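Model the following, please.
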Amino acid sequence: QVQLQESGPGLVKPSQTLSLTCTVSGDSITSNRYSWSWIRQPPGKGLEWIGSSGYSDTTYYSPSLKSRTSISGDTSKNQFTLQLSSVIPEDTAVYYCRLRRDSGSDYDHFWGQGTQVTVSS
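Residues are numbered from 1 along each chain as shown. Next comes the predicted model:
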């Protein structure tokens, strides 16, 4: 069973860089079957896609966050990371990592439980 777990600081000061790691267990992501994403949900708002990447290292970012976002994978550790620079209070949200697996005829999606990040001085 594939499971994802986010980790990182719960509190970040404005202008600093937020770094989160998603650790995958239950399967190896060293395959082009897998791609991964980061998604967040600000308080009182809907889900917002931040960006995606995969085994090929091709990355896609939300236009509104592209200039501040970096997503990378460390397949040797079965992890992928999010870095969001120059954070502002509006970046306060629950951050989720998601894994997509190509099962041949369909896609399977796996989510982490989410981690609260607050941007405040």
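
if I pick the closest residue to Val87 other than its chain neighbours, what's in contact with it?
Distances taken as Cβ to Cβ, 6 or more residues apart in numbering put Val119 closest to Val87, at 4.8 Å, once the chain neighbours are dropped. (Each C-beta comes from the backbone N, C-alpha and C, glycine too.) By Cβ atoms under 8 Å, 6 or more residues apart in numbering, Val119 lies in contact with 11-14, 18, 87-92.

Let me see the backbone angles for Val119.
Main-chain dihedrals, Val119, degrees, to the nearest 10: phi -100, psi 110.

wait, doesn't Ser15 sit right on Val87?
Yes. Applying Cβ atoms under 8 Å, one finds Ser15 in contact with Val87, separated by 7.0 Å.

These two: who's more crowded?
Shown here are Ser15 and Val87; by other Cβ atoms under 10 Å, Val87 has more neighbours (19 against 11).

Point me to the helix or strand that includes the more buried one.
Using DSSP states H and E, Val87 maps to neither a helix nor a strand.

where's it relative to Gln3, distance?
Look at Val87 and Gln3: by Cβ to Cβ, to the nearest Å, they are 27 Å apart.

Could you do Asp27 as well?
Using Cβ to Cβ, we find Asp27 at a distance of 9 Å from Gln3.

Since that was my last question, I'll sign off now.
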